[in-house]
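Q: no letters, just coordinates:
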């Protein structure tokens, strides 16, 4: 029977960052990935000579990924910032300064940055549109906050976004030493350029990243996680029951999102109130919809991205951006169209096995494309290939679902078990950086033996 200091379920950002930091701290780490490549929900493939990420991956610059590479003493791969942005307003693409003044921005930003943690917490359950109405009736102020909301949220309309969440994210990025124009970045030549060095670090520091390893369950005894059960042998039939092998460990990290966590955790091992909480909030999700096009020429400045609020057919906000370097090998350019959807106004992607939902998904993608072609006519038939994507992104950043309203990464009744994903309270922030922040906290707790 194998024995490890830490077993990690999943080789995505959370699992690999936590694993590398634990290996750096002297722990013997095993990362188990059921797929045949690393990456999880952020894996990277090659398609028609281009790099293709699973979804539209722009990372924020909150500093947690950067700090991880610094701690490990390895070079951070190139991040390509997009310092320029434009908003579609009254039939034209306009720069933000045409819609709100620099003085207005500085005044509002200064006021937000002065808020204490307690004051931000009190704004967690206030919808952004209501708070803006209480601050000012100036349409420029409203547009400014719409702009800031689009920059920090996935899956929320202006009226469904938590004010406290937005301010928290902006403050974290600014306190990391960056300007708003440095908020987002594309990973040069794909997410694998972040993930591969982390996997290599684990493998070269006494650990192992093991692929094609399907974890059947986390094994618990007397209120502690004692390891994981891994399926053995080849699956011949869907209904086949495979044998399992128990791999023991002093600590276990599960990197599944909350809606999948009971695929490996036995509900009966945890308090009923916690199980009910996880099951309830797991349905309050944000959706990420995108179409990725391969083009011969970029549609606009490679250093820019664009927003279009309240699109005419859908009413959603569309985000449009190029991915420099992804098509270098074939001298092409990649262009991403992304919609931000909310659990109560989009097809239920958890029921994608049903014909009705699959039809609704195709209809939503068709609508996304119609609205995109209306803004960028060159997309109509002028691409080499397109890949459409509809996925559940995370828990909605809405009032009632942020900060401590989400379960902790430390489940009750198992003090050596950690859940590292963008769905738990410790991952507050934007996407990947939030996951890595959570991974860093889990690694720190294990290295310090923090109960």
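A: Received it, and whenever you're ready, just let me know what you need. These numbers were taken from a predicted model, which means no experiment stands behind them.
Q: next one, pLDDT for residue 159 please.
A: Listed pLDDT for residue 159 reads 84.
Q: tell me if I am right that it is in a helix.
A: Yes: Residue 159 forms part of a helix when assessed by DSSP: H, G, I helix; E, B strand; the rest coil.
Q: what about the closest residue in space to it that isn't next to it in sequence, how many neighbours?
A: Using CB to CB, 6 or more residues apart in numbering and skipping residues adjacent in sequence, the residue nearest residue 159 is residue 129, 4.4 Å away. To be clear about C-beta, it is placed using only N, CA and C from the backbone, and glycine gets the same treatment. For residue 129, the neighbour count with other CB atoms under 10 Å is 18.
Q: cool, residue 26 as well?
A: Neighbours of residue 26 (other CB under 10 Å): 11.
Q: how much space between it and residue 18?
A: 14 Å (CB to CB, to the nearest Å).
Q: and the lowest-mean-pLDDT helix or strand in the chain, how far out from the chain middle?
A: In the chain, no helix or strand scores lower on mean pLDDT, DSSP states H and E than strand 59-60, which sits at a mean of 78. Between the centre of strand 59-60 and the centre of its host chain there is 9 Å, according to CA atoms, centre = their mean, to the nearest Å.
Q: outside of it, which residues touch it?
A: 65, 79, 152, 169, 173, 183-185, 187, 429-433 (CB atoms under 8 Å, 6 or more residues apart in numbering).
Q: export the residues you listed to CSV and tack on secondary structure?
A: Output for the contacts of strand 59-60, formatted as CSV (three-state DSSP):
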residue, secondary structure
65, helix
79, strand
152, helix
169, helix
173, helix
183, coil
184, strand
185, strand
187, strand
429, coil
430, coil
431, helix
432, helix
433, helix
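Q: tell me which of those is nearest to residue 228?
A: The nearest member of the contacts of strand 59-60 to residue 228, counting by CB to CB, is residue 432 at 24.6 Å.
Q: ok, that closest one - contacts?
A: 13, 42, 57, 59, 60, 65, 422.
Q: again, only this time at 10 Å
A: By CB atoms under 10 Å, 6 or more residues apart in numbering, the contact list for residue 432 reads 12-14, 17, 41-42, 57-60, 62, 64-65, 187, 191, 194, 422.
Q: show me those that map onto strands.
A: 59, 60, 187 (DSSP state E).
Q: buried residues in the lengthiest helix in the chain, which are they?
A: Ranked by residue count, the top helix of the chain under DSSP state H comes out as helix 355-375. For helix 355-375, a neighbour-count test (16 or more other CB atoms under 10 Å) marks 360, 361, 364, 365, 367, 368, 369, 371, 372, 375 as buried.
Q: same question, stretch 312-330
A: 314, 316-327.
Q: how long is that stretch from one end to the other?
A: 35 Å (CA to CA, to the nearest Å).
Q: ok so residue 302 is a strand residue?
A: No: secondary structure of residue 302 (three-state DSSP): coil, not part of a strand.
Q: surely residue 168 and residue 161 touch.
A: No: look at residue 168 against residue 161 with CB atoms under 10 Å: they stay out of range, at 11.9 Å.
Q: any shared contact partners between those two?
A: Common neighbours of residue 168 and residue 161 (CB under 10 Å, 6+ apart) are 152, 397, 402.
Q: need the contacts of strand 59-60 in JSON lines with pLDDT and distance to residue 300, can you?
A: Formatted as JSON lines, the contacts of strand 59-60 follow (pLDDT from 0 to 100; distance: CB to CB, whole Å):
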{"residue": "65", "pLDDT": "94", "distance to residue 300": "27"}
{"residue": "79", "pLDDT": "89", "distance to residue 300": "20"}
{"residue": "152", "pLDDT": "80", "distance to residue 300": "22"}
{"residue": "169", "pLDDT": "90", "distance to residue 300": "26"}
{"residue": "173", "pLDDT": "83", "distance to residue 300": "24"}
{"residue": "183", "pLDDT": "71", "distance to residue 300": "19"}
{"residue": "184", "pLDDT": "76", "distance to residue 300": "16"}
{"residue": "185", "pLDDT": "83", "distance to residue 300": "18"}
{"residue": "187", "pLDDT": "89", "distance to residue 300": "21"}
{"residue": "429", "pLDDT": "85", "distance to residue 300": "28"}
{"residue": "430", "pLDDT": "77", "distance to residue 300": "23"}
{"residue": "431", "pLDDT": "78", "distance to residue 300": "24"}
{"residue": "432", "pLDDT": "88", "distance to residue 300": "25"}
{"residue": "433", "pLDDT": "90", "distance to residue 300": "26"}
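Q: this completes my enquiry, with thanks.
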